[in-house]
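Asker: have a look; sequence and predicted model below, questions after that.
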Amino acid sequence: MWYSDTLAVKDSLQASGNGSSDTGWIMHHVLDARELDLTPFGVIHLPHIELFGMDLSITKHVVFMWIAILVLVLAFISARKAYKKSLVPRGVTNFLEVLIVFVRDEIARPTIGHGFEKFLPYLLTVFFFILTCNFLGLIPYGSTATSNISVTATLATISFFVIQIGGVMKNGFFGYFKGLIPHGIPLWLLPIMFVVEILGLFTKPFALAIRLFANMTAGHIVIMALLGLIFILRTYFVVPVSISFALFIFLLEILVALIQAYIFTMLSSLFIGMAYHQEH
Amino acid sequence: MLFANLLVLAFSGGEAGGPLDVNPGVILWTVVTFIFLMLILKKLAWKPILNTLSERENFIKESLERAENAKKEAEKLISDNKVSMLKAEEESRKIVEQGRDYAEKLKIQMLEESKAQAKKMIDDASNEIERKNLEAFNNLKEQVADIAIKSAEKILRENLDKEKQTKLVNKYLDDLSKN
């Protein structure tokens, strides 16, 4: 049903104009690519690498992950230097410290509780990495690595492993899986509960991956679509509407970039806490 | 609905596939990138910064505690000072009062002493005067008696001897003094 609906919309869009009403350009901006499109300064073609029959090409999103690394490393080097100079933070250091303290005191400490220090490096890294990737998508010529399902799924998988390893390390291998099943359920329910709980282990990171991916992709598509209205409707009257709505969505995107980094970290931390302290 | 749109857009996008395409290369690069980032940041940022943070938190906590202690101490000192000042004031007041009392007593004593002395002097003087008076009177009496005897002797040399006459005159004088 929905499929035919959207097909109809798409067909009518295509029928309403010529090539400029094609929506391919939206996906071109959102999707991963093998080159960095820096029009009008040209296009940088990224190297194509193939190892053991696997396509290990450097893509646009990989480049932007590396840019995120670069940004983070530079920021933290400057922060470290600032800390060596004096105990009082200022400027960028202050901003970074606010985020670090936020992750430590608002995310890790309340959700994991006792023993949260062990997971702090992972949670901080995830938070800052996702945040930086999200923001890199909002600058001109930028691209959101976190709007790639491969990236988010990988992050979620790493989160999954951290959760399971944390749980197993604290409770022992058998203790951990025994602790998954709630206390006081009838014996005949056990097989079902076991399957449900095991499924639950996998749906959590799956939800993490889809949430981050969908949020980061949707905003960009909406902005593109709003701007695309100008070219599809071919009138100047729609320009103020499109621009103001696109601006609004863009501001919303800034918020979403922060919120999604927070939510991913928060939920990871929550799941780690649930696996780590099973008695609750 | 958005998701549906997305799928349609993805399928109609052409060349590079849809947004739900999973690219194993990107997965591998993500893993490598993330682990690399985590190792670098763990060494570069998290350890030193978290240490610094907790160090500073302790420092602030200690400073606050120290300030609190210093404040308490100062307050105690102030109250101690107040107490000792009150005590000193009380003491000085007492001393002044004692001095005043002493002076008052001394004054009264001296006054009484001088009064007594004066009285004694007056008494002495009046005694002396009385004595002198008596003496003078006795002297006078003797002299008068002498003079009277001598004159009587002169007058009555012939018919009266001296003893009889003295006796007579003494008797007269006694009568005189009795009167």
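Answerer: Received, thanks.
Asker: going by C-alpha atoms from here, please, whenever you check contacts or count neighbours.
Answerer: OK.
Asker: how about B:R66, what does it touch?
Answerer: Applying CA atoms under 8 Å, 6 or more residues apart in numbering or on different chains to B:R66 gives no contacts.
Asker: which element is it on?
Answerer: Assessed by DSSP states H and E, B:R66 sits inside helix B:47-156.
Asker: which residues touch A:V151?
Answerer: Neighbour list for A:V151: A:145, B:26-27, B:30 [criterion: CA under 8 Å, 6+ apart].
Asker: highest neighbour count among those residues?
Answerer: A:A145 (34 neighbours; other CA atoms under 10 Å in any protein chain shown).
Asker: next, count neighbours for the spatially closest residue to it that is not a sequence neighbour.
Answerer: Residue nearest to A:A145 in three dimensions, not counting chain neighbours: A:H61, with 4.6 Å by CA to CA, 6 or more residues apart in numbering or on different chains. A:H61 has 29 neighbouring residues, counting by other CA under 10 Å.
Asker: tell me the contacts of the closest residue to chain A within chain B?
Answerer: Chain B approaches chain A most closely through B:G25 (4.1 Å), counting by CA to the nearest CA. B:G25 is in contact with A:54-58, counting by CA under 8 Å, 6+ apart.
Asker: hmm, try it at 10 Å
Answerer: A:49-51, A:54-59, A:62, A:150, B:31 (CA atoms under 10 Å, 6 or more residues apart in numbering or on different chains).
Asker: buried members of those into PyMOL, please.
Answerer: In PyMOL syntax, the buried subset of those is picked out as below (16 or more other CA atoms under 10 Å in any protein chain shown):
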select buried, (chain A and resi 56+57+58+59+62+150) or (chain B and resi 31)
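Asker: now intersect the contacts of B:G25 with the helices, please.
Answerer: Judged by DSSP state H, the contacts of B:G25 include A:62, A:150, B:31 as members of helices.
Asker: looking at the contacts of B:G25, which are in strands?
Answerer: Using DSSP state E, A:50-51, A:54-55 are the members of the contacts of B:G25 that sit in strands.
Asker: quick one: the residue nearest to A:A145 from A:V71, how far?
Answerer: From A:H61 across to A:V71, the span is 15 Å (CA to CA, to the nearest Å).
Asker: same question for A:Y236.
Answerer: 39 Å.
Asker: higher neighbour count, those two?
Answerer: Shown here are A:Y236 and A:V71; by other CA under 10 Å, A:V71 has more neighbours (16 against 11).
Asker: the more buried one contacts A:T132, doesn't it?
Answerer: Yes. Counting by CA atoms under 10 Å, A:V71 touches A:T132, with 7.9 Å between them.
Asker: give me the common contacts of the two.
Answerer: What both A:V71 and A:T132 touch, as defined by CA under 10 Å, 6+ apart, is the set A:M65.
Asker: for whichever strand or helix holds A:F248, packing partners?
Answerer: Applying DSSP H and E as the criterion places A:F248 in helix A:238-276. Where contact means 3 or more CA pairs under 10 Å, 6 or more residues apart in numbering or on different chains; DSSP states H and E, helix A:238-276 is packed against helix A:109-112, helix A:120-136, helix A:149-171, helix A:173-180, helix A:190-233.
Asker: 6 Å - rerun?
Answerer: Identification of packing neighbours for helix A:238-276 by 3 or more CA pairs under 6 Å, 6 or more residues apart in numbering or on different chains; DSSP states H and E yields helix A:109-112, helix A:120-136, helix A:149-171, helix A:190-233.
Asker: now do that helix and helix A:149-171, the angle between them.
Answerer: Counting by axes from the mean of the first three to the mean of the last three CA atoms, to 10 degrees, helix A:238-276 lies at 20 degrees to helix A:149-171.
Asker: low-confidence ranges in the stretch 101-250 of chain A?
Answerer: Nowhere does the stretch 101-250 of chain A drop to pLDDT under 70.
Asker: so which bits of it are right by chain B?
Answerer: Residues of the stretch 101-250 of chain A lying near chain B by CA under 6 Å from any CA of the partner chain: A:125, A:150-151, A:154.
Asker: again, only this time at 8 Å
Answerer: Where the stretch 101-250 of chain A comes near chain B, counting by CA under 8 Å from any CA of the partner chain, the residues are A:121-122, A:124-125, A:148-151, A:154-155, A:158, A:218.
Asker: next, work out how far apart the residue of the stretch 101-250 of chain A found nearest chain B and B:V32 are.
Answerer: Of all residues in the stretch 101-250 of chain A, the one sitting closest to chain B is A:S150 (5.2 Å; CA to the nearest CA). A:S150 sits 13 Å away from B:V32, taking CA to CA as the criterion.
Asker: one step back: just the ones in strands among the contacts of B:G25 now: which is nearest chain B?
Answerer: A:D55 (5.5 Å).
Asker: now the residue of chain A found nearest chain B. Nearest residue, chain neighbours left out?
Answerer: Distances between chain A and chain B by CA to the nearest CA are smallest at A:L56, namely 4.1 Å. Nearest residue to A:L56, sequence neighbours excluded (CA to CA, 6+ apart): B:G25, at 4.1 Å.
Asker: now swap in A:M216 and tell me
Answerer: Closest to A:M216 by CA to CA, 6+ apart is A:S147, at 5.0 Å.
Asker: now B:V31
Answerer: A:T154 (6.7 Å).
Asker: ok, that neighbour touching B:V32?
Answerer: No. In this structure A:T154 lies outside contact range of B:V32 using CA atoms under 8 Å: 10.4 Å.
Asker: more neighbours, the two?
Answerer: Between A:T154 and B:V32, A:T154 has the larger neighbour count (other CA under 10 Å), namely 20 against 12.
Asker: average pLDDT across the stretch of helix or strand the residue of chain B closest to chain A belongs to?
Answerer: Assigned by DSSP H and E, B:G25 belongs to helix B:24-41. Mean pLDDT, computed over helix B:24-41, is 86.
Asker: C-alpha coordinates for it, CSV please?
Answerer: Written as CSV, here are the backbone C-alpha positions of helix B:24-41 (Å, rounded to 0.1, in the frame of the first residue of the first chain):
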residue,chain,number,x,y,z
PRO,B,24,31.5,-4.7,4.6
GLY,B,25,34.4,-2.4,3.9
VAL,B,26,32.8,0.5,5.8
ILE,B,27,32.1,-2.0,8.7
LEU,B,28,35.7,-3.0,8.9
TRP,B,29,36.9,0.6,8.7
THR,B,30,34.5,1.6,11.4
VAL,B,31,35.7,-1.1,13.7
VAL,B,32,39.3,-0.1,13.0
THR,B,33,38.6,3.6,13.3
PHE,B,34,36.6,3.2,16.5
ILE,B,35,39.1,1.0,18.3
PHE,B,36,42.0,3.2,17.2
LEU,B,37,40.1,6.2,18.4
MET,B,38,39.3,4.6,21.7
LEU,B,39,42.9,3.6,22.3
ILE,B,40,44.3,7.0,21.4
LEU,B,41,41.7,8.9,23.4
